[in-house]
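Q: sequence first, then the predicted structure:
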2 protein chains.
Amino acid sequence: MSNTNIMLMGMQNLSYDYSSLSRKYKDFINISPIQTGAVLPDESKKALDEFAIGYAPYNLAQGIEIMDIEIVKEFIYKDLPGFLGSDIARITFGARDGIYTAMRLAAKPHDTVLVDENRHYTTVLAAEKAGLNIIEAKSTGYPDYTIDADEYISLMEKHKPSLAILTYPDGNYGNLPDAKTIGEAAKENNVPFLLNCAYSIGRMPISLKRLNADFVIGSGHKSMASIGPVGVIGASEKWSEKMLKKSKYYEKNELEFLGSEIRGSSFITLMASFPYLVRRINEWDKEVAKARWFSKSLEMLGLLQLGEKPHRHDLMKFKTDIFYEISKIHPKKRTFLYEELKKNRITGIQQGRTKNIKLSTYGIEKESLKKVIEAFEKIVDTY
Amino acid sequence: MSNTNIMLMGMQNLSYDYSSLSRKYKDFINISPIQTGAVLPDESKKALDEFAIGYAPYNLAQGIEIMDIEIVKEFIYKDLPGFLGSDIARITFGARDGIYTAMRLAAKPHDTVLVDENRHYTTVLAAEKAGLNIIEAKSTGYPDYTIDADEYISLMEKHKPSLAILTYPDGNYGNLPDAKTIGEAAKENNVPFLLNCAYSIGRMPISLKRLNADFVIGSGHKSMASIGPVGVIGASEKWSEKMLKKSKYYEKNELEFLGSEIRGSSFITLMASFPYLVRRINEWDKEVAKARWFSKSLEMLGLLQLGEKPHRHDLMKFKTDIFYEISKIHPKKRTFLYEELKKNRITGIQQGRTKNIKLSTYGIEKESLKKVIEAFEKIVDTY
C-alpha cells in the first residue's frame, strides 16, 4: 500500500519499530574478517558520542563551527599523507568509493584496467560503473591462490592499461603479492598503479612511496577502527592537479569530492582513532605470529589453510572438508557450523558455509582465540 | 617532513592529539540551519552506541550478521518509499551524492541541466563533475528571492534539459517554490524533474508523486535526525530499471550503488530515527508558526527577513543593517556578532557575518528562541 497521502491520512504505518534497533551477538568473540580491524578504541567511542549530531560533514574551505578547522587541516594535509607515505590524501566514503575515484581520475570510458583475480567484487563493479574494460591477472589457483608478479607485469606490459589495480592483501586469502616489484614495473611502463589496501592500511605499515604506487586506498570501517562509511585515498604528487582540481565556478572547492573533503561522524571516529592506529601498526609482527599459530592449530584439527604459507596476514581462508561432511548428516544441515559456533558465543563465520570458511584473528586476544580453536575441536570430535 | 619510513624509524609523530577530540559549544542553543534538523533523538543515540563498530555497511544481497536483514529490507523496499511518496528508494551518502546520482542517471556528458538560482553550490559542482552544461532560472532578487514557476517552466520548455532541478526549499532563504506546478509542466514536456529536498525531507511532509517529481533527494545529516554522511533518493517507477540496474558480472548487485545499498552507522541512525521523523513531520504547521513568530520578533528589532513572507519554512535569512553598522565601530569588527551571541550561549551564526545572517528555528523550544531574541535585542540596545 502506498503512503503518498500521509499529510491527509495521518501518520504513516511502519512495518517495524526501528526505534529499538539492537545489535546481535554483541558480546561474542567476533572473527569476522570485515569487523576485526574496525573495533573502535574508547577514545573514538567517546568522540562519536561527543559529535552525535547530524551535520558533521563540513568543508575545509568554509571552516567549521563545532571543531577547530586547523586540527582537521593538519590531519588531512600532513598526518594522513604521512601515515600513507603519500604526497596528498583525501577522505572517501570507503574502499570501493576510493577505487571508483582513482578509476575516474586515471581512465576514461572504454579504457582498460588491469585487476588481479583476487580483487574484491566491487573493483569489478566500479570498473563497470565507470565504463571500463577489465583484464584480469589470474591467481595460481588451489591451494595458494597467489598473484604472480611476473604474470601480472607481463599483462601490464602487453595491454598498457590506464590503471593497474592490485589487491593488497585480498579479502579471500589474505595474500600479499609482491606490490613493490609490480610497482617498479608500473613505473617503468608508465602505467598508473593503485593498491587496494582495504585490509592493510590501519592494520600494518603501508607506504605508497615504498611500494611505488600512484594511489593507495584504505577503508575506515574495515581496518581503521572507524564506524562506516569512511575511507582514505592517498596519491603521489603527479596526481595532485587532477585529484584536487577546483571547480571553475567555485574556486575554493574541490570538484572530485563535491566540495566536501570531510565527511561525517565516521570521519570523526577515523580521526579520533588515528593515534591508536599509528601505535598499532607497529604491532603487526605480533599479529602475524598470532595468525600463524592459529592457522597451525586449526590445521592440526584437519582443516587446511589456503593462501600463502607461512601466512603474512590475519585474514585467512580454510578448506574445511570435515565440516562439509558433518553438514550432510547434521539436522541443521549447512547452517550447523554457524549455529555450533554461536552456542560457544563465537560469531563472524558466514552462515551456511561449510566447505570453506573465512576468518580473521586481528586484535583478538590469544585467550579468546583459544576458545575458538576449542570450539572447532569440539565440533570435529563430536561428529 | 615526510613519514614514509615509519616502519624503519619507529612511530610517526603527529601534529595533534586527535584522541581527545571534543565538540565546541555543545550545550549552547544551536540555530545553525545545517544542524537543527539533525539532532538525534535518544533512541538513535542508543542505536549509534549499539552499532559503534566499523563494518556496519552491508549489502542487501548478502545478508548481514549483526542485524536481521528483513528489517533493513522492509525499510528500504517499503517504509522509506512510503515516506517519500516514491516507488523506489535507496540510501546515498548525502544530498550532493544523491543529486550527482540522479544527474548520472538522467543525463550524459555535454547534456544540459536546468537549475534554480537558489540552488546549493554543490548542485553546480555535481553538474560540473558530471560534465553537464548548466542553465539557471534566476530568482526575483531582493527582497523575496523567489523562483517564479512560469519563468522556470519557460526555460524548461525552451532548453528541454536532460534534468530539471529545483531546490525545495533552498538553503539561503528557505523559499518553497511551486514545485507541483513545475512538476506538472515537466511531465508535459517529458523533462525528468528532481527535487532537492535536503531541507524538507524529514522536516515536513514530502511526496514525490504529489509534486510530480521523478526524483527526490534528502539529507540524513541535514534534516533526518541522523549523523553524517547519509542521504536518501526516491524515484518513480520509470527510473527503476536504470537506477537499480544489476551488474553484468554480479547479477545480485546494483551497479549504481557499487553493490552496497546500505551504508554505515549513519544509516543505522537514519533508520533508528525514522519513527521519530514520521511523527515529527506532522508537527510541521507548528514549526512554521514558530518561525513566523520568531521572524516577526526580529523584524520588530529592525532586522529584515528576506525570502517569502509570510514564511513557510524554519530556515530564514535576515538583512541586518544594524549589525553591519555596529561592526564598523566595534573592537571585534566583523566577528562581534558571533562573539556576542557566544557570550549568551548561542551558536550557529556564521562567524564574520554582519550584513545578513542565516538561521533556523527548527525543533528549538520557544523558551530558547526567546533567549535568542533577547540576545539580539540586547546587542541592538547596547550599541
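A: Noted; the coordinates are in hand. In this text, all values refer to a predicted model and were calculated from it rather than measured experimentally.
Q: the residue of the stretch 101-250 of chain A found nearest chain B: neighbouring residues, count only.
A: The nearest approach of the stretch 101-250 of chain A to chain B comes at A:G228, 3.3 Å away (C-beta to the nearest C-beta). Where C-beta positions appear, they are placed from N, C-alpha and C, glycine not excepted. Neighbourhood size, A:G228 [other C-beta atoms under 10 Å in any protein chain shown]: 32.
Q: does it count as helix, strand or coil?
A: Put simply, A:G228 is coil when judged by DSSP: H, G, I helix; E, B strand; the rest coil.
Q: now it: how far from B:K248?
A: Distance, A:G228 to B:K248, using C-beta to C-beta, to the nearest Å: 27 Å.
Q: helix or strand for the residue nearest in space to the middle of chain A, which one?
A: In chain A, the centroid-proximal residue (C-alpha atoms, centre = their mean) is A:A198; its distance is 3.0 Å. Using DSSP states H and E, A:A198 sits within no helix or strand.
Q: contacts only, for it.
A: Residues in contact with A:A198 (C-beta atoms under 8 Å, 6 or more residues apart in numbering or on different chains) are A:A95, A:H120, A:G171, A:I217, A:G218, A:S219, A:K222, A:S223, A:G231.
Q: wait, the fifth one sits on A:G85?
A: When you say that, I think you mean A:G218. No. Assessed by C-beta atoms under 8 Å, A:G218 is found out of contact with A:G85, at 11.8 Å.
Q: in the stretch 51-200 of chain A, which spans are strands?
A: Counting by DSSP state E, counting those that start in this stretch, the stretch 51-200 of chain A has strands at residues A:88-92, A:112-116, A:133-137, A:163-167, A:193-196.
Q: with the stretch 201-350 of chain A instead?
A: Secondary structure of the stretch 201-350 of chain A by DSSP E, counting those that start in this stretch: the strands cover A:215-219, A:231-235, A:304-305, A:315-319, A:346-347.
Q: how about JSON lines for the ones you listed, with distance to B:E374, mean pLDDT and mean neighbour count added?
A: Listed next are the strands of the stretch 201-350 of chain A as JSON lines, based on distance: least, C-beta to C-beta, whole Å; pLDDT from 0 to 100; neighbours: other C-beta atoms under 10 Å in any protein chain shown:
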{"stretch": "strand A:215-219", "distance to B:E374": "49", "mean pLDDT": "98", "mean neighbour count": "30"}
{"stretch": "strand A:231-235", "distance to B:E374": "46", "mean pLDDT": "97", "mean neighbour count": "29"}
{"stretch": "strand A:304-305", "distance to B:E374": "70", "mean pLDDT": "98", "mean neighbour count": "20"}
{"stretch": "strand A:315-319", "distance to B:E374": "59", "mean pLDDT": "98", "mean neighbour count": "22"}
{"stretch": "strand A:346-347", "distance to B:E374": "54", "mean pLDDT": "93", "mean neighbour count": "22"}
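Q: between those strands, which one is nearest to B:V380?
A: Taking C-beta to C-beta, strand A:231-235 is the member of these nearest to B:V380, at 47.4 Å.
Q: give the other helices and strands that the closest one contacts.
A: When contacts are defined as 3 or more C-beta pairs under 8 Å, 6 or more residues apart in numbering or on different chains; DSSP states H and E, strand A:231-235 sits against helix A:80-84, strand A:88-92, helix A:95-106, strand A:215-219, helix A:220-223.
Q: how about these in TSV, adding distance to B:W284?
A: Below are those laid out as TSV (distance: least, C-beta to C-beta, whole Å):
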stretch	distance to B:W284
helix A:80-84	42
strand A:88-92	34
helix A:95-106	34
strand A:215-219	39
helix A:220-223	35
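Q: export these to JSON lines and tack on distance to chain B?
A: As requested, these are exported to JSON lines (distance: least, C-beta to the nearest C-beta, whole Å):
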{"stretch": "helix A:80-84", "distance to chain B": "3"}
{"stretch": "strand A:88-92", "distance to chain B": "10"}
{"stretch": "helix A:95-106", "distance to chain B": "5"}
{"stretch": "strand A:215-219", "distance to chain B": "8"}
{"stretch": "helix A:220-223", "distance to chain B": "4"}
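Q: excluding residues flanking it in the chain, which one is nearest A:V124?
A: Nearest residue to A:V124 in three dimensions, chain neighbours excluded: B:Y249, at 5.1 Å (C-beta to C-beta, 6 or more residues apart in numbering or on different chains).
Q: now swap in A:V380 and tell me
A: Going by C-beta to C-beta, 6+ apart, A:V380 has A:L301 as its nearest residue, at 5.2 Å.
Q: give the contact list for the one you found.
A: Residues counted as contacts of A:L301 (C-beta under 8 Å, 6+ apart) are A:I322, A:I373, A:F376, A:E377, A:V380.
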